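In: sequence and predicted structure, then a few things I'm wondering about:
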Amino acid sequence: MKRYYAIAGSLLATLMLILSGCTDSAPNGPKASLGSVTVNKYVAIGNSLSAGYQSNGLYESAQIYSFPNLIAKQLRTAGAAIGDFQQPIYSDPGTPDAGGVLASRYEIISLNGPVIGPKGLTAGAPTNLALQRPYDNLGIPGAVIYDFLDTTNITTKSTARANPLFSLVLRNQAAFGSSVFNQTKAMHPDLITFWLGNNDVLGFATSGGTSVNAFSGLATPTPADKFAAMYAQALKSLRDSLPNAKILVGTIPDVKAIPFFTTIGPKMAAGIPAAYYLRYQKHGVAGSSNDSTKLTEPGAPLICLTASPYASLLGQPTGAWYRYVAQLKNIPISALYASYHAAGIDTTQPFGFDSHNPFPDALVLDAGEQQTAADAVAAFNATIASVAAANGCAVADMNAFFTMIKTQGGIVANGETFTADYVSGGLFSLDGVHPSSKGAGIVANKFIETMNVKFGMNVPYVDINTLPGIPAPLSKAMAGKSIPVIPSSAFRSLDMLWGN
């Protein structure tokens, strides 16, 4: 666990000034208003971050705190006549796991560990499919930039990606339109938040650099030139169709700033004996490997949260990872072992401490993969800035915002300190990728801050104190050196979002 930093002195004063909007009063005075802007319809375009996806699931008690829904409430306070902000609500306990029956949502199983994962509850169901218009929140968990304009039959796409959330959000295409763009255009919004592109790099990163990209055919993020072309086409299409709409886009945060990549490594490092190194596979290596790390040196590999079930097996003669892969791919374990043995794998050797039984590539983001992800984020954000400027769109720099939170030890909102630490930081939900309810409020306030500055509005900020937080007992349990126990199967639904 990274140290829980205190923010003091001039830094505290600076951060409090930056985040002074995290209150329920208007940011620039007592009177909330839209200025000279008319907002009769607000539409949010995005992925799981916009949808209100939390703790590995989409469920009503989290969706009501999606950052677009929070923005909509604040817009109404400022005088926007937007009425109900409709979302594709899924009743608690939420969306099903890969098996299609039980809820995928992570919850607290036990504080002894702690053990985190699905509780085995029957999944919920959609509650407002009969809405006679498109949803105002068109965030689709798993969506990439290509999906904004794509008119492929959504049922086919849902089947191909094993991601039914496309069908959930873009239902009734014949009446409402066959793409996110078409459904947005049909609602004639005055205000749009557009936050897409995260998954074009996140899928690569969360798979430990093993997920094959549809555009490159390789284990890479979406190629920068492909991303640039699709992003430019997306914003131009919006601007041409909605010339008077206020459009606010978000940049792509550095993937290394989320606890999915920063939680397991430090805890594993504390358990590596002085005489040992962690032996791990670099990008593309499937067999034995002599690459080694203490996980403490500059540029050390990052260990994915998906390594949680295997981190406690270091030093044991085990093939637990390979048994899971065989189950996942539905192939005989004997056949899988034969192929790995041919590549030099020997599971009778100490797992992670022997070159013949190294820590798997899919659970590690090595230095090269980190650089690949960083290069993609930099290229994507350069595109976002230039394309937004060319189309008269405002930019909320979410990359700089989340980087500041990580590098400067956190932020203070309504007197509460939030950091990027897993669970105990309060900013992220239990899957280590998506914001908690309070985190969604902080994201909403960053977007509100930008629209106030760029559009001349005076929309009040979300009062973070009114939003639910991570249960205190779990937060305390995560403050130590213990590695959270999350079953391997619990990650399948999360992986499916990115096609991993």
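Out: Perfect, thanks for sending it.
In: in which helix or strand does Gln233 reside?
Out: Here Gln233 sits within helix 224-241, counting by DSSP states H and E.
In: my bad, should have said Ile108
Out: Short version: Ile108 belongs to strand 107-110, going by DSSP H and E.
In: packing partners of that strand?
Out: Packing contacts for strand 107-110, counted by 3 or more Cβ pairs under 8 Å, 6 or more residues apart in numbering; DSSP states H and E, involve strand 115-117. Glycine gets a C-beta too; all of them are placed from N, C-alpha and C.
In: give me the sheet partners of the following helix or strand past the strand it packs on and which way each runs.
Out: Moving toward the C-terminus from strand 115-117, the first helix or strand encountered (DSSP H and E) is strand 137-139. Sheet partners assigned to strand 137-139 using DSSP bridges are listed as strand 42-46 (parallel).
In: now what about the strand it pairs with, what contacts it?
Out: Residues outside strand 42-46 that contact it (Cβ atoms under 8 Å, 6 or more residues apart in numbering): 50, 66, 68, 71-72, 75, 80, 82, 85, 136-140, 143, 148, 180, 184, 187, 189-196, 250.
In: in the protein, where is pLDDT below threshold?
Out: 1-30, 472-481, 499-500 (pLDDT under 70).
In: tell me where it has strands.
Out: 42-46, 107-110, 115-117, 137-139, 191-195, 246-250, 278-279, 292-293, 302-303, 364-365, 394-396, 411-413, 416-418 (DSSP state E).
In: quick check: angle from the first one to helix 224-241?
Out: Between the direction of strand 42-46 and that of helix 224-241, the angle (axes from the mean of the first three to the mean of the last three Cα atoms, to 10 degrees) works out to 170 degrees.
In: so who does Ala388 touch?
Out: When contacts are counted by Cβ under 8 Å, 6+ apart, Ala388 touches Leu235, Ile247, Val249, Ala394, Val395.
In: who's in contact with the strand holding Ile108?
Out: Under the contact criterion Cβ under 8 Å, 6+ apart, strand 107-110 has outside partners Ser55, Pro93, Pro114, Val115, Ile116, Gly117, Pro118, Lys119, Leu430, Pro471, Pro473, Leu474.
In: try it again at 7 Å.
Out: Contact with strand 107-110 is made by Pro114, Val115, Ile116, Gly117, Lys119, Pro471, Leu474, as judged by Cβ atoms under 7 Å, 6 or more residues apart in numbering.
In: per-domain residue ranges of this structure.
Out: 9-261+371-497, 264-365 (automatic domain parsing).
In: out of those domains, deepest packed?
Out: Highest mean neighbour count of the domains of the chain: domain 9-261+371-497, a mean of 20 (counted as mean count of other Cβ atoms under 10 Å).
In: chain center to it, what's the gap?
Out: Mean-position distance between domain 9-261+371-497 and its chain equals 7 Å (Cα atoms, centre = their mean, to the nearest Å).
In: between strand 191-195 and the longest helix anywhere in the chain, find me the angle.
Out: In the chain, taking DSSP state H as the definition, the longest helix is helix 367-390. Inter-element angle recorded for helix 367-390 and strand 191-195: 160 degrees (by the same axes, to 10 degrees).
In: report the beta-bridge partners for Gly117.
Out: In this entry, Gly117 is beta-bridged to Glu107, by DSSP bridges.
In: wait, it sits on Ile486?
Out: Yes. With contacts counted by Cβ atoms under 7 Å, Gly117 reaches Ile486, the gap being 5.3 Å.
In: returning to what we had before: need the strands of the chain in JSON lines with distance to Ser167, can you?
Out: Listed next are the strands of the chain as JSON lines, based on distance: least, Cβ to Cβ, whole Å:
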{"stretch": "strand 42-46", "distance to Ser167": "17"}
{"stretch": "strand 107-110", "distance to Ser167": "26"}
{"stretch": "strand 115-117", "distance to Ser167": "26"}
{"stretch": "strand 137-139", "distance to Ser167": "13"}
{"stretch": "strand 191-195", "distance to Ser167": "21"}
{"stretch": "strand 246-250", "distance to Ser167": "25"}
{"stretch": "strand 278-279", "distance to Ser167": "42"}
{"stretch": "strand 292-293", "distance to Ser167": "43"}
{"stretch": "strand 302-303", "distance to Ser167": "34"}
{"stretch": "strand 364-365", "distance to Ser167": "32"}
{"stretch": "strand 394-396", "distance to Ser167": "29"}
{"stretch": "strand 411-413", "distance to Ser167": "36"}
{"stretch": "strand 416-418", "distance to Ser167": "35"}
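In: out of these, nearest to Asp463?
Out: When those are compared by Cβ to Cβ, strand 411-413 sits nearest Asp463, at 9.5 Å.
In: list the neighbouring strands of that closest one plus their orientation.
Out: strand 416-418 (antiparallel).
In: what does the partner strand contact?
Out: With Cβ under 7 Å, 6+ apart, strand 416-418 has contacts from Ile7, Gly410, Ile411, Gly425, Gly426, Leu427, Ile442, Ile464.
In: between those residues, which is nearest Thr318?
Out: Gly425 (31.4 Å).
In: with Gln86 as the reference, measure out to that closest one.
Out: Counting by Cβ to Cβ, to the nearest Å, the separation of Gly425 from Gln86 is 32 Å.
In: contacting residues for Tyr310?
Out: For Tyr310, the contacting residues are Ala320, Trp321, Leu363, by Cβ under 7 Å, 6+ apart.
In: so it versus Asn163, what's the distance?
Out: Distance, Tyr310 to Asn163, by Cβ to Cβ: 26 Å.
In: and Ala374, by the same measure?
Out: For Ala374, the distance to Asn163 (Cβ to Cβ) stands at 27 Å.
In: other residues contacting stretch 491-500?
Out: 48, 56, 97-98, 104, 141-142, 161-163, 199, 202-203, 206-207, 211, 306, 431.
In: how about 6 Å then?
Out: 56, 97-98, 104, 141-142, 161-163, 199, 203, 207, 211, 306, 431 (Cβ atoms under 6 Å, 6 or more residues apart in numbering).
In: same deal with stretch 130-149?
Out: Contacting residues not belonging to stretch 130-149 are listed as 43-48, 50-51, 53, 68, 85-88, 163, 165-166, 169, 176, 179-181, 183, 187, 196-197, 199-200, 230-231, 234, 497 [Cβ under 6 Å, 6+ apart].
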